[in-house]
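Novice: Requesting a structural model of the entry that follows:
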Amino acid sequence: MSTETTSPFGTCLVAMVTPMKADGSLHLDDARKLADHLVESGCDGIVVNGTTGESSTLTTDESIEIIAVVASHLAGRAKVVAGIGSNDTAHAVHLAKAALDMGADAGLLVSPYYNKPTQRGLIAHCTAVADATELPIMLYDIPGRTGIPYATPTLLELAKHPQIMAVKDAKCDLWAATKVMAETDLAWYSGADEMNLALLALGAVGVVSVVGHVAAGHYRAMVEAVSSGDLDRARTIHRALVPLTEAIMNTSQGAIMAKAAMAELGVISEPMVRMPLVTSDDADLAKLRSALAATPAVSDLA
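Specialist: From the prediction side, this is the model:
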């Protein structure tokens, strides 16, 4: 299968946090500022209203509003992929239609969580959402959060749908990923920063990153290095990001720490998250600050 993507997702994407004011309401000015920061840092795609965007605690109206604001603000400067996932198929269809109306370029469809459908139900769910609009769909496979994986036969079946074009892989099963990439034209994206280099080396076309809030340029360079066959440079970048990846992904929780990082750097005003998430404690903040200070600029990595 070709590693060249012609689908409308970009290659270096960031799963953007949803900025909030101290009272927990959406901070739309900060959302625009953050979107600018991410594009200027090197990403060519932004996921809005995804898991890292706290979609599970946004109202439907808030989800649609943040998609509309970011899509309008970026206006073709980067691809905008809207989180449209739900454990209610009718709600996911509603979000897909709204995302298209709001100007999103594509949709990110996580497998239904909590109600644990069968694989046949999962196929029916994804097909119903994909049939509802002309929005290109990226499937999001993260069984650690949803309770069910996209099984390999399910992905092979869903790959036949013309609107289902890509997979965000946070299942972290390299052999399963290899088999699907070998048998389909689905554009593959790493959805777990720890696995970015491994999946790129296997044929993924890009990443959907949380650490990219502070390392979009690094991941852009990594994608380009793998594409050009320079695995030594890709490994150097990967290893340089170990402290930062640990600080953001393996302390408390990705959205919490990404917001903390953006607030530390002055990109957003508040690190506010909605309960049941709570803001970072002092120990985690200290680890984050140390990692930010120790991370070399991508230009310094040979």
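Novice: and the helix or strand in which E157 is found, which residues are buried?
Specialist: Assigning secondary structure by DSSP states H and E places E157 in helix 152-158. Under the neighbour-count criterion of 16 or more other C-beta atoms under 10 Å, helix 152-158 has T154, L155, E157, L158 buried. Just so you know, the C-beta spots here come from the backbone N, C-alpha and C atoms, and that holds for glycine as well.
Novice: Which strands or helices does that helix pack on?
Specialist: helix 119-132, strand 137-141, helix 174-183 (3 or more C-beta pairs under 8 Å, 6 or more residues apart in numbering; DSSP states H and E).
Novice: ok, now with 10 Å
Specialist: helix 119-132, strand 137-141, strand 164-169, helix 174-183 (3 or more C-beta pairs under 10 Å, 6 or more residues apart in numbering; DSSP states H and E).
Novice: what's the next secondary structure element after the second one?
Specialist: Following the chain from strand 137-141 toward its C-terminal end, the next helix or strand by DSSP H and E is helix 143-146.
Novice: now that next one: mean pLDDT?
Specialist: For helix 143-146, mean pLDDT rounds to 95.
Novice: that older thread, quick one: which two of the buried residues of helix 152-158 are the most distant?
Specialist: L155 and E157 (7.3 Å; C-beta to C-beta).
Novice: any residues in contact with both of the two?
Specialist: L122, I123, C126, I164, T184 (C-beta atoms under 10 Å, 6 or more residues apart in numbering).
Novice: hmm, who's touching the strand or helix carrying S290?
Specialist: Using DSSP H and E, S290 falls within helix 282-294. Applying C-beta under 10 Å, 6+ apart, the contact partners of helix 282-294 are 211, 214-215, 240-248, 250-253, 256-258, 260-261, 263-265, 271, 279-280.
Novice: In helices, which of these appear?
Specialist: Assigned to helices by DSSP state H, the following of these qualify: 214-215, 240, 242-248, 256-258, 260-261, 263-264.
Novice: PyMOL command to pick out the buried ones of those?
Specialist: Buried subset of those, written as a PyMOL selection, criterion 16+ other C-beta under 10 Å:
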select buried, resi 214+215+240+243+244+245+247+248+256+257+258+260+261+263+264
